[in-house]
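Visitor: fold the following and give me the result.
(2 chains)
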Amino acid sequence: GAGVSQTPSNKVTEKGKYVELRCDPISGHTALYWYRQSLGQGPEFLIYFQGTGAADDSGLPNDRFFAVRPEGSVSTLKIQRTERGDSAVYLCASSYPGGGVETQYFGPGTRLLVL
Amino acid sequence: AQKVTQAQTEISVVEKEDVTLDCVYETRDTTYYLFWYKQPPSGELVFLIRRNSFDEQNEISGRYSWNFQKSTSSFNFTITASQVVDSAVYFCALSEARGNQFYFGTGTSLTVIP
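Guide: Numbers count the residues shown, from 1 in each chain, chains lettered A, B, ... in the order given. Okay, the predicted model is just below:
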């Protein structure tokens, strides 16, 4: 079946602009995660959804970052007033609900460049 | 404090050599899960293996093998007879039972020279 898909694959924006990044998880996966990966680093957790609700948003760096998942499937990560430091690859992952810690399957990421 | 440490930043080997990638983790949980992912130049993280803290059996899958040792908090990954297609960045990750986020190491960039 299809894996996790993310759009756009690349996004270039100017400082101060608003951006939206989209994630479409694997069908049947109710858990969805967003991570941010800076150059030369491992992915860093941002937020986790179980169904429609954000079960853990402790990784969001500040209130410019917000994510939604209104119907429990597709999720959108929203960044307001972008800053150059927001430039990174934003990764989305999903997992099948098994009652415990489940393997996360990752999408190809969105490369965000803030000029 | 870093929960997952991958001390090797970059490794280069000649094709057909064996190579071991080190991973040391830190957690106070008695139940936890360890993972290895491969990130080729295309950028997508590819799942390789998952290990539970209560299962210390080593595992072999083709040319890949994993050595899990709780006594040293290590979960090392060995590639036997390396191939050029193994060139990628490899990440070790930890998940604690009381949370859902994965803690990733900084990755080891492996280059296999033909």
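Visitor: number of residues surrounding residue 34?
Guide: I'll assume chain A. A:Trp34: 26 surrounding residues under other C-beta atoms under 10 Å in any protein chain shown. (Glycine included, C-beta is placed from N, CA and C.)
Visitor: try chain B instead
Guide: Neighbourhood size, B:Leu34 [other C-beta under 10 Å]: 22.
Visitor: and residue 92, backbone torsions?
Guide: Just so you know, I chose chain A. The phi/psi pair for A:Cys92 (degrees, to the nearest 10) reads phi -120, psi 140.
Visitor: to clarify, I was referring to chain B.
Guide: Backbone torsions for B:Cys92, taken as degrees, to the nearest 10, come to phi -100, psi 140.
Visitor: buried sites along the worst-scoring helix or strand of chain A on mean pLDDT?
Guide: Ranked by mean pLDDT, DSSP states H and E, the weakest helix or strand in chain A is strand A:53-56, scoring a mean of 89. Buried residues in strand A:53-56, counted by 16 or more other C-beta atoms under 10 Å in any protein chain shown: A:Ala54, A:Asp56.
Visitor: now what about that strand, what contacts it?
Guide: Identification of contacts with strand A:53-56 by C-beta atoms under 8 Å, 6 or more residues apart in numbering or on different chains yields A:Ile47, A:Tyr48, A:Phe49, A:Ala67, A:Arg69, B:Gly99, B:Asn100, B:Gln101.
Visitor: residues contacting the residue lying closest to A:Pro70 once chain neighbours are set aside?
Guide: Nearest non-adjacent residue to A:Pro70, counting by C-beta to C-beta, 6 or more residues apart in numbering or on different chains: A:Thr52, 6.4 Å away. Residues counted as contacts of A:Thr52 (C-beta under 8 Å, 6+ apart) are A:Arg69, A:Pro70, A:Glu71, A:Gly72.
Visitor: neighbours around the residue of chain B found nearest chain A, how many?
Guide: Of all residues in chain B, B:Phe104 sits closest to chain A, at 3.2 Å by C-beta to the nearest C-beta. The number of residues packed near B:Phe104 is 23, by other C-beta under 10 Å.
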